[in-house]
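Undergrad: Got a sequence here, can you build the structure:
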Amino acid sequence: MALFTPLKIRGLEFPNRIVISPMSQYLSVDGLANDYHFAHLSRFALGGAGLIFTEATAIEARGRRTHGDLGLWNDRQIENLKRISSFLHGQGSLSGIQLGHAGRKASERRPWHGETPVNGEDLEQRNEAPWTAIAPSSLEYAENWHVPKAMTEDDIRLLKENFRTATLRALEADFDVIEVYAAHGFLLHQFYSPVSNIRTDEYGGSFSARTRLLIEVAEIIRSVWPDDRALFFRLSACDWLDNGWQLEDTIKLARQLKTCGVDLIDCSSGGIGGLQSQQKIPLGPAFQAGLAAEVREKAEIMTMAVGLIWEAEVANKIILEEQADLVAIAREALNNPNWPLHAAAELGLDGDYSFWKPQFGWWLNKRERLFKYLGLDR
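TA: So this is what the prediction gives:
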């Protein structure tokens, strides 16, 4: 079945086409991964996923969305991430890290604290102070949000340097894939979307100016990231706004990113926020797979489909029909970390638990024999 065919990207061999998408847990302290992150990500390797991403990992402290975000802005943060990457490798999975910067969405409360801007109440209750967010322009993310500081040329130079040093740390932590988080209203998305970028310098105005920073970031990362390791970009392929970024823009940008050494576009959409009209997102099963197919065909670059994919047949069809090269699942994997193994059985590839780790498969086969012996129908 297509979903379980290997894929080669540069020097990497993907054992299957199933990717665990980044899912922020907001449980880090000072950007450090901990035992929770180890357990959280390790169970997806035991569940048979081909590539497993960390959650969004900030390249500088002010680039965190919340106080609980992972980070890779100092060397202390390498060791615990390397422990996770090593375990994933030991179970036959590839390891990926998503590097990003929240921009004007920074200094936000965790979802269970309201997903609104941090303020003095957080300092009083949790000793978590707000900080000044930066963005391409001084435009707030949404009503009643803080107004970010428009980035200076020095801010942009520092941002690029932070991407470079975070890449070197990701290499030391032995990740196979870097994904640059340039979607969902985070900083790099804020630069390329006309909704959030009203700059008048070389980083604003025209398409080429608004996308310039992404091209520079790709070139900087690729200059220090080994040729045998993969570089992905997650883009919001469409803002779903009449005055926003469109799919045709993504296709054009994807072509340019490919020339910079980017291997794959992770095609998500939406999230730019702002005070404009409501986004018109056509939600439904695998609703973004069509975006991945368009980018794949017209930009001639590999893509990943993501968004409301939970059925094995749907995921397999996406690969079989060459809509995308990889399929990412997220919340369904939280619900069922063994989703890839169950998908193999549903697709008729594994009737005897041979896809499972032998120490699991042995017990499950024994259970299956016992069910049959007792005549139990489950």
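Undergrad: Ala209: what secondary structure?
TA: Local secondary structure at Ala209 is given as helix here, using DSSP: H, G, I helix; E, B strand; the rest coil.
Undergrad: That one against Ile198, yeah?
TA: No: assessed by Cβ atoms under 8 Å, Ala209 is found out of contact with Ile198, at 11.6 Å. Every C-beta, even on glycine, is put in place using the N, C-alpha and C of the backbone.
Undergrad: Compare these two and say which is more crowded by neighbours.
TA: Using other Cβ atoms under 10 Å, the more surrounded residue of Ala209 and Ile198 is Ala209, with 17 against 13.
Undergrad: do you know how far that one is from Gly47?
TA: 44 Å (Cβ to Cβ, to the nearest Å).
Undergrad: same thing with Gly274?
TA: For Gly274, the distance to Gly47 - Cβ to Cβ - is 38 Å.
Undergrad: ok, now Leu171?
TA: Taking Cβ to Cβ, one finds Leu171 at 26 Å from Gly47.
Undergrad: Between these two, which is the more surrounded one?
TA: The neighbour comparison of Leu171 against Gly47 (other Cβ under 10 Å) goes to Gly47, with 23 against 15.
Undergrad: just checking, the more buried one touches Ala343?
TA: No: judged on Cβ under 8 Å, Gly47 makes no contact with Ala343 at a distance of 10.1 Å.
Undergrad: For His342, the count of nearby residues, please.
TA: Neighbours of His342 (other Cβ under 10 Å): 15.
Undergrad: Pull the contacting residues for it.
TA: Contact criterion Cβ atoms under 8 Å, 6 or more residues apart in numbering gives 312, 336 as the residues in contact with His342.
Undergrad: And it, what's its pLDDT?
TA: The model reports His342 with a pLDDT of 97.
Undergrad: Look at it and tell me its secondary structure.
TA: helix.
Undergrad: how close does Thr250 get to Phe4?
TA: Thr250 is 29 Å from Phe4, by Cβ to Cβ.
Undergrad: And Trp356, by the same measure?
TA: Counting by Cβ to Cβ - Trp356 and Phe4 are separated by 14 Å.
Undergrad: Sketch out the low-pLDDT regions of the stretch 201-350 of the chain for me.
TA: Low-confidence segments of the stretch 201-350 of the chain (pLDDT under 70): 275-279.
Undergrad: how does it look with 50?
TA: The stretch 201-350 of the chain contains no residues with pLDDT under 50.
Undergrad: Which parts of it are strands?
TA: 230-236, 264-268, 302-306, 326-329 (DSSP state E, counting those that start in this stretch).
Undergrad: Mind putting those strands into CSV with mean neighbour count and distance to Val224?
TA: Formatted as CSV, the strands of the stretch 201-350 of the chain follow (neighbours: other Cβ atoms under 10 Å; distance: least, Cβ to Cβ, whole Å):
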stretch, mean neighbour count, distance to Val224
strand 230-236, 26, 11
strand 264-268, 29, 19
strand 302-306, 26, 22
strand 326-329, 27, 24
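Undergrad: Figure out which of these is closest to Lys149.
TA: strand 230-236 (22.9 Å; Cβ to Cβ).
Undergrad: what is the mean pLDDT for stretch 115-122?
TA: When pLDDT is averaged over stretch 115-122, the result is 93.
Undergrad: shift numbering so it begins at 51
TA: Got it, the first residue is 51 from now on, which makes the last one we talked about stretch 165-172.
Undergrad: Export it to PDB, keeping only CA atoms.
TA: Extracted C-alpha coordinates of stretch 165-172, given in PDB (Å, rounded to 0.1, in the frame of the first residue of the first chain):
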ATOM      1  CA  GLU A 165      -5.100  31.800  24.800                       C
ATOM      2  CA  THR A 166      -5.100  35.500  25.300                       C
ATOM      3  CA  PRO A 167      -2.200  37.900  25.800                       C
ATOM      4  CA  VAL A 168      -0.100  37.500  29.000                       C
ATOM      5  CA  ASN A 169      -0.600  40.400  31.400                       C
ATOM      6  CA  GLY A 170       0.000  41.300  35.100                       C
ATOM      7  CA  GLU A 171      -2.500  38.700  36.200                       C
ATOM      8  CA  ASP A 172      -0.200  36.000  34.900                       C
END
